[in-house]
Structure formats: structure tokens, C-alpha cells
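1. Give the three-dimensional model of this entry:
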Amino acid sequence: MDRISSGINGFDNLIGGGIPKGHIMLVAGTPGTGKSIFCAQIAYHNAMKGKKCLYLNLEQNAGRLERQMLQLGLDPKKVKNLKIVGVDSTNANLVEYVLEEIQNQVGYEIIVIDSLDSISTIPLREEDLKKLGVVGVSKFVIPTMMDDKTIGRLKLKQIFDALAKSSATALLPSEKIEGAIGITRDTISEFLCDGIILMNYLGVGGLDFRSMKILKMRESNHEKKPILFEIGKTGIELH
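-> Prediction:
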């Protein structure tokens, strides 16, 4: 099987030599665990190697991700193959926009959608329904209007289907709610993806402790134990 190098020293060895090409990998964790940095680092590394990479930023303010990357010595402006797009997650046409980018004729090899929560948790407002029109509304009606959670899951299914058809390797950050059932807010993404990286954070006495655990990686003999890591001057550094 062809695999994609992560560019994170030591990580590829933990998943059988790299991320399986074309797989959809969920990167879940509570806030501050390093999900975005992990994905940005992988996208940047692959763009430097000539692969066409897309980072759809649905949550952070414009330029914030780029500033975080610069602090780690990763300058997006110096990489031609990395496209970072900030998208307003409150836009009624968010799903359509994301689908258009995924299906772009450019042929992206790495796609990051940060984060899935922006797609699954933003409810449709009355004004959004008017903008969508009859055709748009019909996508979410079977045969009557469903609740926000069901609509959110339908949106995610559209995204996952489009990613699978694109053949791109996808990285999908998603927030885990502390103490809640399930790995993600939507509780369905973990069943649709090919791999799951669960990231954890614990701050004690002014010290930061971070770890990741590979819960699933199809077609790979992966590490089962938690792996300690830190966010250093160059990004994710495994212990």
C-alpha cells in the first residue's frame, strides 16, 4: 500500500510506515491538544515535497493559523503547493463550498478540513433556508424538516462521500467533549473514517502534558499504547 509521510519524526513508524494513501483520518481531542498544528505540519511537509495540499480553515480567524505556523518555522507563503482558505462557518452555503473545493479539478493529494464541528453543529437558520431555496432545502427534508443533529450528520455524510471519491488523503480535526459519550461531538465521524488519532492534554502545576493514542488505522499494524509528545519550536515532537 502507498503511504503518505507525516513529516513528524517517529510518527510514521507507529502506523506502519505512514498514513495510508487515500484514507480519511480523524484527529480528535479537547481544545489545546494540538490538533490543528498536527494537521498543518503534515500538510506543510507534503506540500514541500511537491504534493498539492488544501487546508480549509472553518474556525480560526483569517491569518491566525498562518501565524501559528510561522511560530513553528513553517512559512505557508514559501510553499506554492499549500492552499490555505479561511471559510465563514456561518455561511448557509458552507457545505456546498467545501464540496466544491474537494471536487476541484486541481486534484488535491492532501485535504484538511478544520474542523468537522463547524459543519455538524451549526444549525440552519430561517434566513439560511430562504437563501438555499427549494432545491437546497430538499436535501435536508425527508419528507419533513428534521432536527439539527440529523441534518448535521447528513452534511457530514456528504463530505465523507466526496472525500472518498476524490482519492485524497484527508485529515479531519474534531473536538472531543470532556466526559461526553463518543469520540466526537457528532458521534458519527468515528464510524465513517479510516483512522482515528485521539489527542489529550493535562496541565498540572504549570507543566503541560500531552499524549496521543492511535485508536484505529485500517490496513496498518499500529501502536496501541499512548504516545507522549510536546509542541516544541518546530511543532509536534514525540517522546
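2. how would you label the residue nearest the centre of the chain: helix, strand or coil?
-> Taking CA atoms, centre = their mean, the centroid of the chain lies closest to Leu172, which sits 1.8 Å from it. On the three-state scheme (DSSP: H, G, I helix; E, B strand; the rest coil), Leu172 is labelled strand.
3. That one reaches Ile24, doesn't it?
-> Yes. Counting by CB atoms under 8 Å, a contact exists between Leu172 and Ile24, whose distance comes to 6.7 Å. Every C-beta, even on glycine, is put in place using the N, C-alpha and C of the backbone.
4. Mutual contacts of those two, please.
-> Among the neighbours of Leu172, those also in contact with Ile24 (CB atoms under 8 Å, 6 or more residues apart in numbering) are Cys193.
5. quick one: average pLDDT of whichever helix or strand Leu65 is part of?
-> Counting by DSSP states H and E, the secondary-structure element that holds Leu65 is helix 64-71. For helix 64-71, mean pLDDT rounds to 93.
6. For it, give me every contacting residue.
-> 36-37, 40, 44, 55, 57, 75-76, 84, 114.
7. swap the cut-off to 7 Å and go again
-> Among residues not part of helix 64-71, those counted as contacts by CB atoms under 7 Å, 6 or more residues apart in numbering are 36-37, 40, 44, 57, 76, 84.
8. As CSV, these with neighbour count and pLDDT would be great.
-> What follows is the contacts of helix 64-71, written out as CSV (neighbours: other CB atoms under 10 Å; pLDDT from 0 to 100):
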residue, neighbour count, pLDDT
Ser36, 22, 95
Ile37, 19, 96
Ala40, 29, 97
Tyr44, 26, 97
Asn57, 23, 94
Pro76, 17, 92
Ile84, 22, 95
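9. For those, could you give me CSV that also reports distance to Gly17 and secondary structure?
-> Putting the contacts of helix 64-71 into CSV (distance: CB to CB, whole Å; DSSP: H, G, I helix; E, B strand; the rest coil) gives the following:
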residue, distance to Gly17, secondary structure
Ser36, 25, helix
Ile37, 23, helix
Ala40, 22, helix
Tyr44, 20, helix
Asn57, 29, strand
Pro76, 27, helix
Ile84, 28, strand
